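**Q** give the three-dimensional model of this entry:
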Amino acid sequence: MSLPLFLEQTLNGVQLGVMLFLMSAGLTLVFGIMNLINLAHGALYMLGAFIAATVADKSGSFLLGAVVAVVATAAIGALLEVALLRRFYHRSHLDQVLVTFGLILVFNQVTQLIWGAVPMRFNLPDAVAGSIELFPGMNYPVFRLVILGVGLVVGLLLYVMIMRTRIGMWVRAGASNRAMASAIGVNVEMVFIGVFAAGAALAGLAGLMAGPILAVQVGMGEPVLILALVVTVIGGIGSINGALVAAIMIGLIDTFGRVLLSPALGSMVIFLAMAVILAWKPKGLFPVHG
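**A** A predicted model of the protein is given here:
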């Protein structure tokens, strides 16, 4: 493998990892803080892509499409939490899996009724549609660099918010001991709504970032949901920095596995890596508790 090709594939792997981080960050927040397995996270990813593509097409503004998609998925997430999912916090994980799997089917059918079964085009604005020469003989898409930048900024902001702010303190208090947090004046219900909405917004952001690269189509959330679950487990449930490290690792493994081996073998290597890591550290690389 030549050096330019190696560097290009390394960037592709990191970019895929950052996109997985945007997806898995919301998943690990909801799972780690609220103890809820939310398989419908992939459906929110899909909705983010469809909403962004539709608004961008009608308005001619990619930025407006992105803002509307993030706000809309956050609102959908908050509505789901209030109307349905808060009733499952104290139920078994099997119940949570069943109800959120049902939501996947519902969202897929509703999406198909609204937008149809044919994949949508999601065109990029001219400013980020081209390529830039990073090294002699190596051009790289500008939008993939944008994804890298957005993902790293989001990761930093999440870490600061959870670990260094009063809101983060409320979130961690509500997750550790809900009764005690309520006794000292924390509105745990509002905190949990905010956490779920933030997780949904991150899924929508991941979807709109993936839309111009992948096909915007019904069911697009399921394959990435599997990788996001792998990232969440490897990184450590509830750990933002663990999700970032694990996502980049999985992105690199997937990219080089596909290039050097085959798509099937590359996917197999991902699950082998997960098995080895969990045998070594059963709670993940950066466990939040213990």
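**Q** shaky segments in the stretch 101-250 of the chain?
**A** 172-179, 181 (pLDDT under 70).
**Q** now the strands for it?
**A** 131-135, 138-141 (DSSP state E, counting those that start in this stretch).
**Q** Serialize these to TSV and add fields for distance to residue 244 and mean neighbour count.
**A** The way it works is simple: take the backbone N, C-alpha and C, and place the C-beta from them, glycine included. Below are these laid out as TSV (distance: least, CB to CB, whole Å; neighbours: other CB atoms under 10 Å):
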stretch	distance to residue 244	mean neighbour count
strand 131-135	22	12
strand 138-141	21	16
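**Q** and these: which comes nearest residue 53?
**A** strand 138-141 (18.1 Å; CB to CB).
**Q** just checking, what packs against the closest one?
**A** The criterion is 3 or more CB pairs under 8 Å, 6 or more residues apart in numbering; DSSP states H and E, and the helices and strands that strand 138-141 contacts are helix 3-34, strand 131-135.
**Q** pull the residues that contact the last one.
**A** Contacts to strand 131-135, defined as CB atoms under 8 Å, 6 or more residues apart in numbering, come from residues 4, 7, 11, 139, 140, 141, 142, 145.
**Q** repeat that for stretch 52-65.
**A** With CB under 8 Å, 6+ apart as the contact definition, stretch 52-65 has outside contacts at 51, 66, 68-69, 115, 120-125, 128, 204, 207-208, 211, 216.
**Q** any buried residues in it, and which?
**A** Residues 52, 53, 54, 55, 56, 62, 65 are the ones in stretch 52-65 that count as buried (16 or more other CB atoms under 10 Å).
**Q** nearest to residue 253, out of the strands of the stretch 101-250 of the chain?
**A** Per CB to CB, nearest to residue 253 of the strands of the stretch 101-250 of the chain: strand 138-141, 20.4 Å.
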